[in-house]
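Novice: Mind folding the following:
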Amino acid sequence: MNDGPPSGRTERREDRRPRRRRRRGDGRPETAALVPQASTLTAAAPADTPLSPLEVAEMKGHLGFMRTYKEALRLKLNAAEDLLVNGQREPSDRGVCKHLLGKLDHTVVEHAAAREPFRSDPAARSHLLAGALRVTADVGLLLAWLETLAQVRSRAEAAAAFAEVVRRIDFGTLAPSKLARLLQVLVDTFDEHERVQVLFSLLALPGFSEAFDAAVPHLPPAVREVCAPLRAVHRRLRDEPSDPASPALLTAGVELVLNAPDPVLRAYAEPLRTVLTELAFGPGVPEPLADRAVRVLLPTLARTGGPYADFALRRAAQLLRAHLDDRARSLLESLQRAQPDQRTAARWLAALDAPRLDRVALAGGDGASPGEAAGPGRLVRGFWLDGQRAVWVRIAPAAEAERLATEAAVQAGLALPGVAAVVQHGVAPAGAYVAVAARGRPLRDPATLPAGEALALLAAVARLLRAVALAGAVLPDAAAVRFLDDPRAGAPVLADLDGVTAAPPADAAAAHARHVAGLVETVLATEVRARLAADPDPLVAGALAAGSDLCRLVASLDRAALLAGVLR
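Specialist: Residues are numbered from 1 along each chain as shown. Next up, the predicted model:
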């Protein structure tokens, strides 16, 4: 077999010539292996084992290759080897043949390929490397040939060769620099969506993930830009520990994957489709990609399953925050059709249909009607669309908008535990409003509670009002309707700051002490008050003394609450 290189023009013409196909045993055509197969003559067989006729024929082919490229390879041959290469002696001695073939190592071939005329002629270089690969299975030469093949053959052939080369590589022993070269070929050979599938297939091979992670510092920037984000998506798919930069890489990886044509996305395995849908709704993902995930991927998931509902609600929440209510409604309606018992979707849809104060819907909760009052006070139930949570709303005539805005600013500025957070305030056609976020239901009138519970509640109210006073704010009263009862917090929440004004802390504390002392008088039944008054402890007596210092009043109420439980 003669592997000598014809002229560059002839070589390119031959590269364009259709590959000849053999007939298989069943009569169907069989395509020859695209990647050159390494010789078995260099295997560890005893040197004195005679060459078989097939091995002799094979060796003659190698000798023809060496004869053609002898000068380019700059081989140093002894007399016996020179006779073999020049065709003046038949190959017969296995040991001599193995020694001769051993001179055709990767260093010799790589140096030859780096010199002219091969350096500037990809077709000639491909021919040289292919001949060398029939002698040695060196991975470096295999990669060099693959790199050159991408320049002289069709993309389809280059892709097929890439797959065959990958099967021959032991990634557990592959140097990072060589893996970088392989990934460069991947980027150069495959289209964008093909890269995703090829790289994910590689990451499933034994040892490739570890080899990839070790090779990242050696990757060219253009290769790292493509492969590192896809590796981050693969980490998430496999629940592997992520690196600190993974959020940004994940976003880039999701974008790379979702850029694939719709049929390709739908054909991905369900675990990948599920992870991609989840990541598409993450922070930092461009809006068009999230919409694409809703349109292409979300319908492919099982509509009766939990992930479908979770993803639909997550995306609907994003749309509501962006004030894209019509799109949110459409998605929620799809979810409700798929899962009629989905309560969250039903609640959000009801809020979208309810009367509104800007982004606050007067939507009921816990079976209440929209806008139903909390009780005798000023608070009504609502739903904050941007945050998708129940809120309490205080509404006043539009003429009082300035006062409500001032009170909302004071409430937001307190920033105290136990004071409900202001989520929104403003003026709408229905009037001025302040919406606050707080759990719980309206506080029961302490006068209706058993003495011990009422006194303990008043002690908690007094503590909260002391904190408000220290912040320089004073309330005109301590009516129960200002507070909500949050069982999970175990303490009342101040939600209604109607009439709040700024005041020196000492003056505010004195005013709040009078408010609480007045409540004490209305709470304690005559017989209970008499028993507590008879107790010689001054703290207990102080609980009945109007105008007491607020700190003393809190301590007295705590003591009185404990004794009320004993004396009851």
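
Novice: quick one: secondary structure of residue 392?
Specialist: strand (DSSP: H, G, I helix; E, B strand; the rest coil).

Novice: contacting residues around residue 430?
Specialist: Each residue near residue 430 by CB atoms under 8 Å, 6 or more residues apart in numbering is listed here: 355, 357, 395. Just so you know, the C-beta spots here come from the backbone N, C-alpha and C atoms, and that holds for glycine as well.

Novice: start to end distance for stretch 382-400?
Specialist: From its first residue to its last, stretch 382-400 covers 20 Å (CA to CA, to the nearest Å).

Novice: For the helix or strand harbouring residue 202, buried residues please.
Specialist: Per DSSP states H and E, residue 202 falls inside helix 192-203. Neighbour-count burial for helix 192-203, counted by 16 or more other CB atoms under 10 Å, picks out 193, 195, 196, 198, 199, 200, 202, 203.

Novice: Check the residues you listed against residue 79 and report the nearest one.
Specialist: residue 202 (47.9 Å; CB to CB).

Novice: for that closest one, what are its contacts?
Specialist: Residue 202 touches 166, 186, 208, 212, counting by CB under 8 Å, 6+ apart.

Novice: Among those residues, which ones are in helices?
Specialist: With DSSP state H as the criterion, helices contain 166, 186, 208, 212 from among the contacts of residue 202.

Novice: Closest one to residue 220 out of these, please.
Specialist: residue 186 (11.9 Å).

Novice: I'd like the next helix or strand past the worst-scoring helix or strand of the chain on mean pLDDT.
Specialist: Sorting the helices and strands of the chain by mean pLDDT, DSSP states H and E puts strand 29-31 at the bottom, at a mean of 33. Next along the chain after strand 29-31, taking DSSP H and E as the criterion, comes helix 53-68.

Novice: For the helix or strand following that following helix, buried residues please.
Specialist: Using DSSP H and E, the next helix or strand after helix 53-68 towards the C-terminus is helix 70-73. Of all the residues in helix 70-73, those buried under the rule 16+ other CB under 10 Å are 72, 73.

Novice: Check which helices and strands helix 70-73 sits against.
Specialist: helix 106-113 (3 or more CB pairs under 8 Å, 6 or more residues apart in numbering; DSSP states H and E).

Novice: follow-up on the earlier one: and the contacts of residue 430, which is closest to residue 553?
Specialist: Out of the contacts of residue 430, the member with the shortest distance to residue 553 (by CB to CB) is residue 395, at 33.2 Å.

Novice: quick one: that closest one is in a strand?
Specialist: Yes - under three-state DSSP, residue 395 sits within a strand.

Novice: Could you report the separation of it from residue 414?
Specialist: Counting by CB to CB, to the nearest Å, the gap from residue 395 to residue 414 is 21 Å.

Novice: how about the strands in the stretch 451-568 of the chain?
Specialist: 473-474, 483-486, 491-494, 501-502 (DSSP state E, counting those that start in this stretch).

Novice: Would you mind telling me which of those is nearest residue 464?
Specialist: Among the strands of the stretch 451-568 of the chain, if distance is taken as CB to CB, the winner is strand 491-494, at 5.7 Å.

Novice: Give me the contacts around the closest one.
Specialist: With CB under 8 Å, 6+ apart, strand 491-494 has contacts from 418-420, 438-440, 443, 457, 460-461, 464-465, 468, 482-486.

Novice: Now do the SS call for the most far-flung residue of the chain relative to its centre.
Specialist: Seen from the C-alpha centroid of the chain, the residue lying at the greatest distance (CA atoms, centre = their mean) is residue 88, 68.0 Å away. Following three-state DSSP, residue 88 is assigned to coil.

Novice: Next up, phi/psi of it, please.
Specialist: phi -90, psi 0 (degrees, to the nearest 10).

Novice: any idea how far residue 79 is from it?
Specialist: Distance from residue 88 to residue 79, by CB to CB: 11 Å.

Novice: Also residue 468?
Specialist: Residue 468 is 106 Å from residue 79, by CB to CB.

Novice: hey, where'd the helices end up in the stretch 101-250 of the chain?
Specialist: Remark: helices assigned in the stretch 101-250 of the chain by DSSP state H, counting those that start in this stretch are 106-113, 122-133, 139-152, 155-168, 176-189, 192-203, 208-215, 221-238, 246-258.

Novice: now those in a markdown table, with mean pLDDT and distance to residue 348?
Specialist: What follows is those, written out as a markdown table (pLDDT from 0 to 100; distance: least, CB to CB, whole Å):
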| stretch | mean pLDDT | distance to residue 348 |
| --- | --- | --- |
| helix 106-113 | 90 | 65 |
| helix 122-133 | 90 | 61 |
| helix 139-152 | 87 | 52 |
| helix 155-168 | 85 | 47 |
| helix 176-189 | 91 | 44 |
| helix 192-203 | 89 | 34 |
| helix 208-215 | 92 | 41 |
| helix 221-238 | 91 | 28 |
| helix 246-258 | 87 | 26 |
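
Novice: just those: most buried one?
Specialist: Among these, helix 122-133 has the highest mean neighbour count (mean count of other CB atoms under 10 Å), at a mean of 24.

Novice: Show me how far it is from its chain's centre.
Specialist: Distance, stretch centre to chain centre, for helix 122-133: 45 Å (CA atoms, centre = their mean, to the nearest Å).
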